[in-house]
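> sharing a model prediction with you, sequence too.
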Amino acid sequence: MKTLTTMTITLAALALPLAACGGDDDSGGGGASAEQIAQAFVDQGAPEDEAACVADKVAGSISLSDVEDFANAVDPDDVDADVLETIGEALNGCIG
């Protein structure tokens, strides 16, 4: 099983080119709080500092369901393009 950090880095690298493909501006997010998002990422194995950084950047724009879909994705196509873009940009700002 991949660790979340490995998966997030992989998906983040794939998210940036996908973001250029377009899509609408509505992330479809449910507006989860930074604390909820960070905890969801930590529960999936992400380091606390990385999870907190990403969560601060995406809070309010994605839902916990989006985080779960992202964390459980085997392929970037399994994640909504807007969610992938949002998390990818946040990861780039936190670890890039």
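Perfect, I can see it now. Small disclaimer: the values here were computed from a predicted structure and weren't measured.

> residues touching Cys94, list them.
Neighbouring residues of Cys94 by CB atoms under 8 Å, 6 or more residues apart in numbering: 50, 53-54, 57. Quick note: C-beta positions are derived from backbone N, CA and C, even for glycine.

> measure it to Asp75 for me?
Using CB to CB, to the nearest Å, Cys94 is found at 23 Å from Asp75.

> for the helix or strand where Asp69 lies, what is the average pLDDT?
Assigning secondary structure by DSSP states H and E places Asp69 in helix 64-72. In this model, helix 64-72 carries a mean pLDDT of 87.

> list the buried residues for the helix or strand that it is followed by?
Downstream of helix 64-72, the first helix or strand assigned by DSSP H and E is helix 81-95. For helix 81-95, burial by neighbour count (16 or more other CB atoms under 10 Å) applies to 81-91, 94.

> any regions of this protein where pLDDT drops low?
1-30, 96 (pLDDT under 70).

> and with 50 instead?
Residues of the chain meeting the criterion pLDDT under 50: 1-2, 13-29.

> what number of residues lie near the residue lying closest to Ser33 once chain neighbours are set aside?
Nearest residue to Ser33, sequence neighbours excluded (CB to CB, 6 or more residues apart in numbering): Ala59, at 5.8 Å. Residues near Ala59, counting by other CB atoms under 10 Å, number 18.

> just to revisit the earlier point, among the contacts of Cys94, which one lies nearest to Val67?
Val54 (9.4 Å; CB to CB).

> neighbours of that closest one, how many?
Neighbour count for Val54, taken as other CB under 10 Å: 27.

> that one contacts Ile87, doesn't it?
Yes. Val54 sits in contact with Ile87 when judged by CB atoms under 8 Å, with a separation of 6.7 Å.
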